[in-house]
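Asks: Predicted model and sequence below, questions to follow.
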Amino acid sequence: MITYLFKKAVEDRLAVLATYKKGAWVHVEEPTNKEITDLAKRFKLDVSDLEDVLDEDEMPRLEQDGAITYLYARHVYQGQEHEPSTSPLLLVSGPDFFMTIAYRTLPRFDKFMNSKLEFTTTSASRLLLLILEEIVDEYDVFLNRVSRKIQIIRSRLRSQSVEKGDFIDFVLIEDELNEFLSVLQPLSVLLRRLRNGRHVIMLEEEADLVDDLLLNTEQSIEACKSTMKTIVNIREAYSTIAGNELNRTMKVLTIATVLIALPNVFFGMYGMNVSLPFGDAPFSYFIVVGVTLLVMLATIFIARAKKII
């Protein structure tokens, strides 16, 4: 769907136009191949560059074709089963127009429609940076959710109540973080290229906005890496705790097996039809039981002295 938006001054409201006019923002969501072809013809763009946004695996990059700048990004959105996923977004900046083509509905687009942000459609450079800022902020929101989820699991580590489902969540979270990193790292490189000013001419305040965006992006990258490291630490800690508990259990079971086997040795010997010490004594049963208990107590004492139990 193609929408033409226009806002000349900051205090004006964003207007939806029936047709395109110079200085308008051309916003496209879930485009068809025909819409892509029509846009390429109307604005004299390379149709193959526009079609790249239809590739769900398209990664962030920056291309220049004369006076036209193509900036490919990926925004995060709530996917199926409430799991975050990313989708390609193309921003095209021309001499007298600005265009965005989103493979899916662009998150936070309502903020632009409701004029909650100060921008004009005639200033393509600032509008481009504001959209990138909203994209980076959305990644921060999802990273905070992931961090809170991991903190909840980590708090249960002391009581060893981490369950199998938590480790499955860890695998899913690591996949999400790897996907975020695969987007944020090239986005950081892309912002550095924008900061050079060779692709998009910017004012001084817009250059400062790029610096802020670059800082936020690098912080998000570090947050992804730190969160992944936390997951690895939790997994290793739980494996160590589980291993120690298993070793302790095996030691206890081994001692228990020995203690159970010792009476059988004495009772087995005195159950044979041969002459044995104290075999004819009137208190032979109590003697055998007493000797057995003494051997068992000695075994327990030695095991504790050796710190086996």
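Replies: Structure received.
Asks: what's the spacing between residue 118 and residue 109?
Replies: According to CB to CB, to the nearest Å, residue 118 stands 16 Å off from residue 109. Where C-beta positions appear, they are placed from N, C-alpha and C, glycine not excepted.
Asks: Comparing the two, which residue is more hemmed in?
Replies: The neighbour count for residue 118 versus residue 109, taken as other CB atoms under 10 Å, is higher for residue 109 (16 against 9).
Asks: partner residues bridging the closest residue to the more buried one other than its chain neighbours?
Replies: Nearest non-adjacent residue to residue 109, counting by CB to CB, 6 or more residues apart in numbering: residue 27, 7.7 Å away. Beta-bridge pairing for residue 27 (DSSP bridges): residue 3, residue 100.
Asks: doesn't residue 97 make contact with residue 27?
Replies: No: the criterion here is CB atoms under 8 Å, and residue 27 misses it with residue 97 at 11.3 Å.
Asks: Phi and psi next, for residue 5.
Replies: Backbone geometry at residue 5, expressed as degrees, to the nearest 10, gives phi -120, psi 140.
Asks: Count the neighbours of the residue nearest to residue 109 for me.
Replies: 22.
Asks: and it, what does it touch?
Replies: Contacts for residue 27 were tallied using CB atoms under 8 Å, 6 or more residues apart in numbering; they are 2-5, 99-100, 102, 106, 109.
Asks: Got a quick ChimeraX command for the buried subset of the residues you listed?
Replies: Burial among the contacts of residue 27 is assessed by 16 or more other CB atoms under 10 Å; the matching ChimeraX selection reads:
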select :2,4,5,99,100,102,106,109
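Asks: Turn the contacts of residue 27 into a markdown table, columns for pLDDT.
Replies: A markdown table is the format used below for the contacts of residue 27 (pLDDT from 0 to 100):
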| residue | pLDDT |
| --- | --- |
| 2 | 87 |
| 3 | 88 |
| 4 | 87 |
| 5 | 88 |
| 99 | 90 |
| 100 | 91 |
| 102 | 89 |
| 106 | 78 |
| 109 | 81 |
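Asks: from the contacts of residue 27, which single one is nearest residue 18?
Replies: Nearest to residue 18 among these is residue 4, at 7.4 Å by CB to CB.
Asks: Does that closest one touch residue 18 like I think?
Replies: Yes: assessed by CB under 8 Å, residue 4 is found in contact with residue 18 at 7.4 Å.
Asks: Tally up the residues packed near residue 283, please.
Replies: Residue 283 is flanked by 10 other residues according to other CB under 10 Å.
Asks: quick one, phi psi at it?
Replies: With angles defined as degrees, to the nearest 10, residue 283 sits at phi -110, psi 30.
Asks: ranges for the strands of the protein?
Replies: For the chain, strands defined by DSSP state E occupy the ranges 2-6, 15-17, 25-29, 61-65, 68-78, 84-93, 98-102.
Asks: Give me the pLDDT value at the residue nearest to residue 109.
Replies: Residue 27 carries a pLDDT value of 91.
Asks: so residue 113 sits right up against residue 7, yeah?
Replies: No: using CB under 8 Å, residue 113 is not in contact with residue 7; the gap is 10.4 Å.
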